[in-house]
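S.K.: Need coordinates for the following:
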Amino acid sequence: MTDHIDRMKVEHKELTVKIEALNAFVHGNDIFKTLCDLEQAKMIKQVAHMEAYASVLESRIWTAVKTA
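M.R.: Residues are numbered from 1 along each chain as shown. Sure thing, here's the model as predicted:
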């Protein structure tokens, strides 16, 4: 494996951990419910963007591994 593929894999793994943590907060922490509606919406939007980024990164990894 090349260095850039390894770096993408590490980045994807770290991003996945962050997504899981934020999702756990949004969907399972009572503190989230105390936040104003705007802040809740921003956090939900942030999770969606992080998931989209993870998906693109996963696709890039798959392509890089396939063509390496």
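S.K.: ok, Gln40 - contacts?
M.R.: 26, 32 (Cβ atoms under 8 Å, 6 or more residues apart in numbering). Where you see a C-beta, it was placed from the backbone N, CA and C, and this is true even at glycine.
S.K.: Name the residues of stretch 52-67 that come out as buried.
M.R.: 54, 57, 61 (16 or more other Cβ atoms under 10 Å).
S.K.: show me what contacts the second one?
M.R.: Leu57 makes contact with 8, 11-12, 15 under the criterion Cβ under 8 Å, 6+ apart.
S.K.: Which PyMOL command selects the buried ones in the residues you listed?
M.R.: Those of the contacts of Leu57 that count as buried under 16+ other Cβ under 10 Å are selected in PyMOL with:
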select buried, resi 8+12+15
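S.K.: Now the contacts of Leu57 in CSV, please, with extra columns for secondary structure, pLDDT and distance to Ile31.
M.R.: Putting those into CSV (DSSP: H, G, I helix; E, B strand; the rest coil; pLDDT from 0 to 100; distance: Cβ to Cβ, whole Å) gives the following:
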residue, secondary structure, pLDDT, distance to Ile31
Met8, helix, 97, 33
Glu11, helix, 98, 28
His12, helix, 98, 28
Leu15, helix, 98, 23
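S.K.: biggest helix in the chain by residues?
M.R.: When the chain is parsed with DSSP state H, its longest helix is helix 37-67.
S.K.: Now find how far off-centre it is within its chain.
M.R.: With Cα atoms, centre = their mean, to the nearest Å as the basis, helix 37-67 stands 5 Å off its chain's centre.
S.K.: Let me know the closest of the contacts of Leu57 to Met43.
M.R.: Nearest to Met43 out of the contacts of Leu57 is Leu15 (Cβ to Cβ; 15.9 Å).
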